[in-house]
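1. Curious how this folds, go ahead:
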Amino acid sequence: MGSNLVITKEIENYINNHSLKLTAIQNEIISYNNSLGDIKRMQISISQCHFLHLIIKASNAKKILEIGTFTGLSALTMSLALPNDGKLVTLDKNKETNKTAANFFEKANQKDKIESILGPALESLNNLKIKGNKFDLIFIDADKENYKNYYVQSLDLLEKNNLIVIDNVLWHGEVTDHKKQDKLTTSIRDFNSYVNEDKRTENLIIPIGDGFTVCRKL
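-> Numbers count the residues shown, from 1 in each chain. As a prediction, this is how the structure comes out:
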């Protein structure tokens with residue numbers, strides 16, 4: 001049986017150079033995030049942008065929910081992949097990064113397709129559920145301690161066969177290092193086990209960026 005390839009920086013660059021091209025505004029967000037210091041790690045990778053684009057196109061998704069906006073790279077990526085009548089709702093509680101993201105959305109002419117809801121995500125998710133909202137795809141990339149709560153709430157907002165995509169599930173590779181017992185690492189580790197044992201979905205961990213889990217609701 002073949003083994004997975006170890007992705008070096010050189011291979012990552014090769015992949016990016018031989019894949020979909022980002023728009024000028026997507027590249028502008030990446031450049032902006034690079035100026036933020038260590039917090040830039042909250043951004044998804046270029047290969048993850050391409051993956052989200054393709055999975056949205058392939059699944060014909062028209063309504064997407066994002067939990068965790070940051071400065072808007074993933075939201076913009078997904079919005080650009082949606083049809084003209086598509087809609088993306090993105091949740092975050094940080095006013096400053098939300099304002100930055102909104103400016104990028106406007107520059108990319110995607111403002112009309114993206115609705116930003118400011119506030120604690122669990123409250124926003126509950127409100128969306130009360131209003132009877134359903135989504136074709138939900139992307140989770142927010143505070144790791146609440147991943148399980150976001151995942152459980154998300155299941156109520158999906159129809160059968162629709163998708164949840166979750167970022168950071170490999171957590172810099174630290175999920176396999178059992179010397180790492182800090183709160184964030186153990187939260188991700190416990191979450192991965194919970195999803196893997198959940199009979200309501202089938203899932204796959206994909207080793208791109210910091211690790212994507214893709215779940216299909218059964």
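
2. Only C-alpha atoms from now on, for both contacts and neighbour counts.
-> Will do.

3. so Cys49 sits in a helix?
-> Yes - under DSSP: H, G, I helix; E, B strand; the rest coil, Cys49 sits within a helix.

4. Go ahead and list the helix or strand containing the closest residue in space to it that isn't next to it in sequence.
-> Among residues not flanking Cys49 along the chain, Thr77 sits closest, at 6.1 Å (C-alpha to C-alpha, 6 or more residues apart in numbering). Using DSSP states H and E, Thr77 falls within helix 73-81.

5. Please list the residues outside that helix that contact it.
-> Here helix 73-81 makes contact (C-alpha atoms under 8 Å, 6 or more residues apart in numbering) with 26, 29-30, 43-44, 49, 52-54, 56-57, 66, 69, 86-88, 90, 101, 105, 110, 113-114.

6. cutoff 6 Å now
-> Helix 73-81 is contacted by residues His53 when judged by C-alpha atoms under 6 Å, 6 or more residues apart in numbering.

7. Report the residue spans of the protein with pLDDT below the cut-off.
-> For the chain, applying pLDDT under 70 flags the ranges 1.

8. can we see that at 90?
-> By pLDDT under 90, the low-scoring segments of the chain are 1-9, 40, 178.

9. Which strand runs longest in this structure?
-> Longest strand of the chain, by residue count under DSSP state E: strand 158-167.

10. Kindly spell out which helices and strands sit in contact with that strand.
-> When contacts are defined as 3 or more C-alpha pairs under 6 Å, 6 or more residues apart in numbering; DSSP states H and E, strand 158-167 sits against strand 135-140, strand 212-217.

11. who does that strand pair up with?
-> With DSSP bridges as the test, strand 158-167 is paired with strand 135-140 (parallel), strand 212-217 (antiparallel).

12. Other residues contacting the last one?
-> When contacts are defined by C-alpha under 6 Å, 6+ apart, strand 212-217 is touched by residues 160-167, 201-206.

13. Next: stretch 131-145.
-> By C-alpha under 6 Å, 6+ apart, the list of residues contacting stretch 131-145 reads 61, 63-68, 157-158, 162-167, 187.

14. Show me which of the residues you listed is closest to Tyr14.
-> Using C-alpha to C-alpha, Asp167 comes nearest to Tyr14 of these, at 22.3 Å.
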